[in-house]
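*Asks:* I need the structure of the sequence given here:
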Amino acid sequence: AGAGSNSTTEAMMFTQSAKDYGADAALLVTPYYNKPPQEGLYQHFATIAEAVDLPQILYNVPGRTACDLHLDTVRRLAKLKNIVAIKDATGDLQRGIELVRELGEEL
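*Replies:* Here you go, the predicted structure:
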């Protein structure tokens, strides 16, 4: 279920609702419009992952959100229990290769 928002509190509520309605996982887009730094992105996703026990998929689509989730941040997030996958819509094939090479077993 799509549960993303540029507000961490709102995204947590959407993710909890998705869980309550029986979703298998939540798709969480990077916070659009706000343009947070990488640490802000980490905190946004980590807060949701810790608050709601539901598999969560990161969605990186910088062309639509004006916010890019960097590989270093994805590495950190991949260590969290509920972060299970990433949908990377950057169109950068090299980046996809790096994600699979480094995190293929984790995400």
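*Asks:* excluding its backbone neighbours, what's nearest residue 64?
*Replies:* residue 32 (7.0 Å; CB to CB, 6 or more residues apart in numbering). For the C-beta atoms, the positions are set from N, CA and C on the backbone; glycine is no exception.
*Asks:* list the buried residues of stretch 32-44.
*Replies:* By neighbour count on 16 or more other CB atoms under 10 Å, the buried set for stretch 32-44 is 41, 42, 44.
*Asks:* closest to residue 96 among these?
*Replies:* residue 41 (18.8 Å; CB to CB).
*Asks:* doesn't residue 62 make contact with the residue nearest to residue 64?
*Replies:* No - the criterion here is CB atoms under 8 Å, and residue 32 misses it with residue 62 at 9.8 Å.
*Asks:* strands along the protein, start to end?
*Replies:* In the chain, the strands defined using DSSP state E lie at 26-29, 56-60, 83-88.
*Asks:* ok so, going back, out of the buried residues of stretch 32-44, which is nearest to residue 27?
*Replies:* Checking these against residue 27 with CB to CB, the nearest one is residue 44 at 14.3 Å.
*Asks:* so what's that closest one closest to, chain neighbours aside?
*Replies:* Nearest to residue 44 is residue 8, by CB to CB, 6+ apart, at 5.0 Å.
*Asks:* residues touching the one you found, list them.
*Replies:* Shown in contact with residue 8 (CB atoms under 8 Å, 6 or more residues apart in numbering): 31, 43, 44, 47, 48.
*Asks:* now the helices for the protein?
*Replies:* 8-20, 38-51, 62-65, 71-77, 93-103 (DSSP state H).
*Asks:* save these as JSON lines, and put in mean pLDDT too.
*Replies:* JSON lines is the format used below for the helices of the chain (pLDDT from 0 to 100):
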{"stretch": "helix 8-20", "mean pLDDT": "98"}
{"stretch": "helix 38-51", "mean pLDDT": "98"}
{"stretch": "helix 62-65", "mean pLDDT": "92"}
{"stretch": "helix 71-77", "mean pLDDT": "96"}
{"stretch": "helix 93-103", "mean pLDDT": "89"}
